[in-house]
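> Provided below for reference: sequence and predicted model.
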Amino acid sequence: MNEVTKSIERVQAKLVVMAEDVSPPEILFHIPLLCEEKGIAYGYLSTKKELGHVVRINVASSAIAIEKVGTGNESVLDDVIKKLEEIKK
């Protein structure tokens, strides 16, 4: 959580993803507020285990921040961010 918070505060994060099953939920309360303040897209996955698996770290994770995408993947990230914005409306 500390690294995700730092990434947001430094405006290095391009996308933040949080798990919905974090306990206690208060751990994540500041993340959406910071993201909105800094103009960073954010979204949720169902479980910490799923989030860890998706980013291939093989451990459960409460939140992740994507700072850099591989060459040629900018359009994929842009598409994900657009979809998240559509969902929020």
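On my side now, so go ahead. Numbering: from 1, shown residues only.
> tell me the centre residue of this structure?
Compute the mean C-alpha point of the chain, and by C-alpha atoms, centre = their mean the closest residue is residue 16, 1.7 Å away.
> Distance-wise, check that one relative to residue 78.
16 Å (C-beta to C-beta, to the nearest Å). Every C-beta, even on glycine, is put in place using the N, C-alpha and C of the backbone.
> again, but for residue 49
28 Å.
> can you give me the helices in this protein?
For the chain, the helices defined by DSSP state H occupy 2-9, 30-38, 48-54, 74-88.
> now what about the shortest one, what contacts it?
By C-beta atoms under 8 Å, 6 or more residues apart in numbering, the list of residues contacting helix 48-54 from outside reads 17-19, 21-22, 45, 58-64.
> Could you do the first one as well?
For helix 2-9, the surrounding residues in contact (C-beta under 8 Å, 6+ apart) are 13, 16, 30-31, 34-35, 38, 40, 63-65, 67.
> Check the residues you listed and tell me the two furthest apart.
30 and 67 (18.7 Å; C-beta to C-beta).
> ok, the nearest residue to residue 16 once chain neighbours are set aside - contacts?
Nearest non-adjacent residue to residue 16, counting by C-beta to C-beta, 6 or more residues apart in numbering: residue 42, 4.2 Å away. By C-beta under 8 Å, 6+ apart, residue 42 lies in contact with 15-18, 31-32, 35, 84.
> Great, nothing more from me.
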